[in-house]
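S.K.: predicted model, plus sequence, below.
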Amino acid sequence: MGGLTIYEFGAIMSQDSRAEESEELRKVPLSVFEWLEVQALAATNKGTHAWLRLIQKRGQRAIQVTSFVGVVRAPDGYQIEVLPKVGKLTEGGDVQARQLLIEMLRCLGGFRHIKTDSAKLAATRMPLLEVFIEAFLGSVEQIVKRGLRSDYSAMQDNMFALRGKLQMAAHLRQNLCRKDRFFAEFDDFSPDRAENRLLHAALRQVLSWTGSQTNQRLARELCFVFADVPISERPSLDLLRVRLDRGMAHYFDALAWARLILEHESPLTGTGGHRSPSLLFPMEAVFEAFVAKHLRRQLSPPLHLKPQVKTFSLVRHLEQNWFRLKPDFLVKASGSNYLVLDAKWKLLDINKKSNGTDKYGLSQADFYQLYAYGQSYIDGQGDVVLVYPKTEAFSEALPVFEFPKSNGLRLWVLPFCLRDRVLILPPSGTCATLDTLFGELGAQHPNPVEL
């Protein structure tokens, strides 16, 4: 077992490669590299957006990590941790990038249950997989402290004393010559219910994954508590049987983790007969969810933020709407649209404009996209916004971009501060729309994340 930490768009080579290792080029054992090649080829054949792609680096075969972040574990236990690329630009490095990712994941649907001690995380430099395992074990521990929930379940048995309802046909068939037995069906009140079976199965699974002595010890203690509960043999079926009714609310977080652990719901799973844990997340979606959560808090009623709107289409053909226009966010009030925003997980650099080709790292396709959004959602008049993560190379709003053939449509490129969780606005008086919607933003900065 071993592992490495790499950033988005970093490259991986085999240890027997002649190329020298660097921050952008990491080496893994040959068996792990071959397994990663299989993953990359499988994703390519499926036509999906893969977390890996095959490339050449310094004349050697290599594999590049794409814009997925999280952790994956090879069949032999080797762990690869992929962190957001902004970590390369900060003094905190891996530790800060890891903490930032966990903070951002809490904004992603289904991951609000991720909780961890930031100080402990920084002190121990705990890998992401262990963070996730620790969070799951902690949620199960809370259930144990409150007591496992039991339920009545119908059972059948051949007993010495009659209990419940005698099953006459089965009784005569099995006990024709045994007058001391009764074959009956009865209700048994026990912890053998779908929710507990799933948690027991997930505990056994993480016990085989974790390399942390603390997590191993807690997992064993919890498995002992679940000793009388069978392990779920068909998790997909038991997940359909889950009932979080009255008195079961404290099971929610642990079962959310169990679903991930047992069904491998993240974008990647092992192939070739191996079931390897993977918790990888598209960074575009993570950033979008993070921006949505904190922008929503910074709008005052009656203004509200509506994500993933798809009211309009680009064209209409044969009485059908084609090519839905789906901006990431739309600011609305009283049925009127005020502002269109799109979040892009890309690092801009204000110094890359002098040569006339890089244009800060902006994409022409994104400008076409925002132009179409502006024409449809705000009638080609007003302001549209592209939101990018704030870095040292992009720390303030760019001068406005104007569409000369439009009726006054303007595009703003604004940084979003991940630490302070706020949108950085252009100078006051530059944009009336942004001043109106976020005019009090400077006075409403939330407490910064302790990174």
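M.R.: Looks like it arrived, so ask away.

S.K.: how's the protein carved up into domains?
M.R.: 3-147+195-282, 151-190, 298-444 (automatic domain parsing).

S.K.: Provide the contact partners of stretch 217-231 at residue level.
M.R.: Where contact means C-beta atoms under 8 Å, 6 or more residues apart in numbering, the residues beyond stretch 217-231 that reach it are 133, 137, 140-141, 144, 148, 190-192, 196-197, 199-201, 203-204, 206-207, 210. C-beta: built from backbone N, CA, C; applies to glycine.

S.K.: only the buried residues of that stretch, if you could.
M.R.: 218-219, 222-223, 225-226, 229, 231 (16 or more other C-beta atoms under 10 Å).

S.K.: gap between Gly408 and Phe281?
M.R.: Plainly put, Gly408 is 39 Å away from Phe281 if you go by C-beta to C-beta, to the nearest Å.

S.K.: Val291 too?
M.R.: Distance from Val291 to Phe281, by C-beta to C-beta: 15 Å.

S.K.: between these two, which has more neighbouring residues?
M.R.: Legend: neighbour count by other C-beta atoms under 10 Å for Val291 and Phe281, higher for Val291 (26 against 21).

S.K.: low-confidence ranges in the stretch 351-451 of the chain?
M.R.: 354-357, 439-451 (pLDDT under 70).

S.K.: hey, where'd the strands end up in it?
M.R.: Using DSSP state E, counting those that start in this stretch, the strands of the stretch 351-451 of the chain run over 382-389, 401-402, 409-417, 422-423.

S.K.: show me which helix or strand of the chain is least confident by mean pLDDT.
M.R.: helix 118-124 (a mean of 48; mean pLDDT, DSSP states H and E).

S.K.: so which residues of the stretch 151-300 of the chain form helices?
M.R.: 168-175, 194-209, 213-225, 235-241, 252-263, 283-297 (DSSP state H, counting those that start in this stretch).

S.K.: so how far is the second one from its chain's centroid?
M.R.: Read it as helix 194-209. Centroid separation for helix 194-209 versus its chain: 21 Å, with C-alpha atoms, centre = their mean, to the nearest Å.

S.K.: could you check the distance from Pro235 over to Phe323?
M.R.: Distance, Pro235 to Phe323, using C-beta to C-beta: 39 Å.

S.K.: so for those two, which sits in the more crowded spot?
M.R.: A direct count of neighbours by other C-beta under 10 Å for Pro235 and Phe323 places Pro235 higher, at 20 against 12.

S.K.: and the gap between the residue in the chain sticking out farthest from the centre and Gln156?
M.R.: Residue distances from the centre of the chain (C-alpha atoms, centre = their mean) peak at Cys177, which lies 61.6 Å from the mean C-alpha position. For Cys177, the distance to Gln156 (C-beta to C-beta) stands at 20 Å.

S.K.: now swap in Lys352 and tell me
M.R.: 73 Å.

S.K.: picking up where we left off before, hey, least reliable of the domains of the chain by pLDDT?
M.R.: Averaged per stretch, pLDDT over the domains of the chain is lowest on domain 151-190, reaching a mean of 68.

S.K.: just checking, what packs against the following helix or strand past the least confident helix or strand of the chain?
M.R.: As assigned by DSSP states H and E, the chain's next helix or strand after helix 118-124 is helix 128-146. Using 3 or more C-beta pairs under 8 Å, 6 or more residues apart in numbering; DSSP states H and E, the elements in contact with helix 128-146 are strand 68-73, strand 79-83, helix 93-105, helix 194-209, helix 213-225, helix 252-263, strand 278-282.

S.K.: helix 128-146: which residues count as buried?
M.R.: Buried-residue list, helix 128-146, by 16+ other C-beta under 10 Å: 128-140, 143.

S.K.: neighbours around Lys310, how many?
M.R.: So Lys310, with other C-beta under 10 Å, has 10 neighbours.

S.K.: any figure for the gap between the nearest residue to Gln39 once chain neighbours are set aside and Gln79?
M.R.: Computed as C-beta to C-beta, 6 or more residues apart in numbering, the closest residue to Gln39 that is not its neighbour in sequence is Leu52, at 5.8 Å. In this structure, Leu52 and Gln79 are 15 Å apart, going by C-beta to C-beta.

S.K.: more crowded one of these two?
M.R.: Leu52 (25 against 22).

S.K.: for the more buried one, what are phi and psi?
M.R.: In terms of degrees, to the nearest 10, the main-chain angles of Leu52 are phi -130, psi 150.

S.K.: wait, what's in contact with it?
M.R.: 36, 39-40, 43, 63-66.

S.K.: need those in CSV (columns: neighbour count and secondary structure).
M.R.: Formatted as CSV, those follow (neighbours: other C-beta atoms under 10 Å; DSSP: H, G, I helix; E, B strand; the rest coil):
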residue, neighbour count, secondary structure
Leu36, 22, helix
Gln39, 22, helix
Ala40, 19, helix
Ala43, 19, helix
Ile63, 20, strand
Gln64, 20, strand
Val65, 25, strand
Thr66, 18, coil
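
S.K.: now tabulate those in JSON lines and tack on distance to Leu423.
M.R.: Formatted as JSON lines, these follow (distance: C-beta to C-beta, whole Å):
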{"residue": "Leu36", "distance to Leu423": "38"}
{"residue": "Gln39", "distance to Leu423": "37"}
{"residue": "Ala40", "distance to Leu423": "36"}
{"residue": "Ala43", "distance to Leu423": "34"}
{"residue": "Ile63", "distance to Leu423": "36"}
{"residue": "Gln64", "distance to Leu423": "31"}
{"residue": "Val65", "distance to Leu423": "29"}
{"residue": "Thr66", "distance to Leu423": "27"}
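
S.K.: from Trp345, how far off is the residue nearest to Gln39?
M.R.: 18 Å.

S.K.: quick revisit: what pairs with the residue nearest to Gln39 across the strands?
M.R.: Under DSSP bridges, the beta-bridge partners of Leu52 are Val65.

S.K.: how far away is it from Arg98?
M.R.: 21 Å.

S.K.: cool, Ile12 as well?
M.R.: Taking C-beta to C-beta, one finds Ile12 at 19 Å from Arg98.

S.K.: tell me which of the helices of the stretch 151-300 of the chain sits most buried.
M.R.: Among the helices of the stretch 151-300 of the chain, the stretch with the highest mean neighbour count (mean count of other C-beta atoms under 10 Å) is helix 194-209, at a mean of 22.

S.K.: can you state the direction angle for it and strand 68-73?
M.R.: 80 degrees (axes from the mean of the first three to the mean of the last three C-alpha atoms, to 10 degrees).

S.K.: what angle separates helix 194-209 from helix 128-146?
M.R.: 140 degrees.
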